[in-house]
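S.K.: Pasting a predicted model and its sequence here:
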Amino acid sequence: MSRDPIADLRRIAFLLERANEATYRVRAFRSAANALAALPTKEVAERARAGKLTELAGVGDVTSRCVAESLAGEEPVYLRRLLATEGSDLDAEATKLRTALRGDCHTHSDWSDGGSPIEEMALAAVELGHEYLVLTDHSPRLKVARGLTAGRLRQQLDHVARLNEALPEGFRILTGIEVDILADGSLDQEEELLARLDVVVGSVHSGLNDDRARMTRRMLTAIANPHLDILGHCTGRMVSSRPAGVTGPGDRGHRARTRAESDFDADAVFAACVEHDTAVEINSRPERQDPPKRLIRRALEAGCRFAINTDAHAPGQLDWQRFGCERAARCGVPADRVINTWTAEDLIAWTRR
Ligand SMILES: [Zn+2]
Ligand SMILES: [Zn+2]
């Protein structure tokens, strides 16, 4: 029994609007509903079958997927996730998530492109009530961000070991890296080092305009790498605005600019994350907000784990986790799917799995 796709699209638009989501997103669902309403019912079904809905003005990938699901008699995933969070107090849910977080798995120091020494980042994390901070400076090929060579990373590991002896009881810096996912999907650091680190975040920083097939292959190869624990800011997008005052030193490489999402097969990527138990990062940076909520919902639906990270390049930015928590709460991400709600011991046991 198929559902009424137009009614489903209008319902989604209504729920988005009520949740105070961006106008352009609401409009996307309304214009798709209007485009379909102008056609004979039979043609809608035919176009859906032939994969030709997106040829219509006003119908995009997301809306055509909803239509296909409706016609197949399923409640569209997009609608289901909106209904799941409907009526819940999102502020309370976001606060609950934030309170559940015990640490941050993606941070930078002045060893790469951050603005502050490791110890200052650590002390700010202690102040925030974190139990751990994973230090993830960049890898060698990211020269603009002064990525660490194998030699410098080894020095950093010794330095972190010394710092940990002096830090307050109950808090520790965990070792890590934000390793570049290279063009062929390999990771930009020596295997022996990747094996030694507590947490490995892997991100695409170059060739973000790779075509869909190439980018998908590249990401799948990285996800299948047993050293990769977290897939960082998966679309690479930069959204237009950032809140006032969010600039300054320690923000190198993250200047305001916009960039479209990379194109990849999100279903294949998230399925691989589930298969290899790789967590999907919810990057809290205001200019990134990556992945977008529709992809967080799809990753959740696929069964992925998440890490709500700040990608902080300065101590004050460690408090940005609440932005990621708000986005996660809007998508209905429960705390038990978020790896940084775990203790440091559990986290390390998982990364050594
Ligand atoms: Zn990055
Ligand atoms: Zn980063």
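M.R.: Thanks, I have it. Ligands and ions are numbered 1, 2, ... in the order given.

S.K.: make it CA atoms for all contacts and neighbour counts henceforth
M.R.: OK.

S.K.: is it true that residue 220 touches residue 183?
M.R.: No. Counting by C-alpha atoms under 8 Å, residue 220 stays clear of residue 183, with 11.8 Å between them.

S.K.: Count the neighbours of residue 39 for me.
M.R.: 10 (other C-alpha atoms under 10 Å).

S.K.: which phi and psi does it have?
M.R.: Per-residue torsions, residue 39: phi -110, psi 160 (degrees, to the nearest 10).

S.K.: Check it and give its pLDDT.
M.R.: On the pLDDT scale, residue 39 is placed at 93.

S.K.: For the closest residue to residue 258 other than its chain neighbours, give the beta-bridge partners.
M.R.: Residue nearest to residue 258 in three dimensions, not counting chain neighbours: residue 238, with 4.6 Å by C-alpha to C-alpha, 6 or more residues apart in numbering. For residue 238, the beta-bridge partners are residue 259 (DSSP bridges).

S.K.: Next, count neighbours for residue 238.
M.R.: A total of 21 residues lie near residue 238 under the criterion other C-alpha under 10 Å.

S.K.: and it, what does it touch?
M.R.: Contact analysis of residue 238 by C-alpha atoms under 8 Å, 6 or more residues apart in numbering lists 256-261, 287-289.

S.K.: can you name the two of these that are farthest apart?
M.R.: Checked with C-alpha to C-alpha, those reach their widest spread between 256 and 261, with 15.5 Å between them.

S.K.: For this protein, just list every one of the strands.
M.R.: In the chain, the segments counted as strands under DSSP state E are 103-107, 132-135, 172-180, 199-203, 230-231, 279-283, 306-309.

S.K.: Need these in JSON lines (columns: distance to residue 22 and mean pLDDT).
M.R.: Listed next are the strands of the chain as JSON lines, based on distance: least, C-alpha to C-alpha, whole Å; pLDDT from 0 to 100:
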{"stretch": "strand 103-107", "distance to residue 22": "27", "mean pLDDT": "98"}
{"stretch": "strand 132-135", "distance to residue 22": "33", "mean pLDDT": "98"}
{"stretch": "strand 172-180", "distance to residue 22": "31", "mean pLDDT": "98"}
{"stretch": "strand 199-203", "distance to residue 22": "27", "mean pLDDT": "98"}
{"stretch": "strand 230-231", "distance to residue 22": "26", "mean pLDDT": "98"}
{"stretch": "strand 279-283", "distance to residue 22": "19", "mean pLDDT": "98"}
{"stretch": "strand 306-309", "distance to residue 22": "22", "mean pLDDT": "98"}
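
S.K.: Out of the helices and strands in the chain, which is least certain?
M.R.: The weakest-scoring helix or strand in the chain, judged by mean pLDDT, DSSP states H and E, is helix 77-85 (a mean of 87).

S.K.: Report all helices and strands that that one contacts.
M.R.: helix 5-18, helix 61-71, helix 293-302 (3 or more C-alpha pairs under 8 Å, 6 or more residues apart in numbering; DSSP states H and E).

S.K.: In contact with the nearest residue in space to residue 190 that is not next to it in sequence, which residues?
M.R.: Using C-alpha to C-alpha, 6+ apart and skipping the chain neighbours, the partner closest in space to residue 190 is residue 150 (6.8 Å). Residues near residue 150 by C-alpha under 8 Å, 6+ apart: 140, 189-190, 193.

S.K.: Pairing partners for the residue nearest the centre of the chain in the sheet, please.
M.R.: Centroid-nearest residue in the chain, with C-alpha atoms, centre = their mean: residue 282, separated by 3.1 Å. Applying DSSP bridges to residue 282 yields these beta-bridge partners: residue 308.
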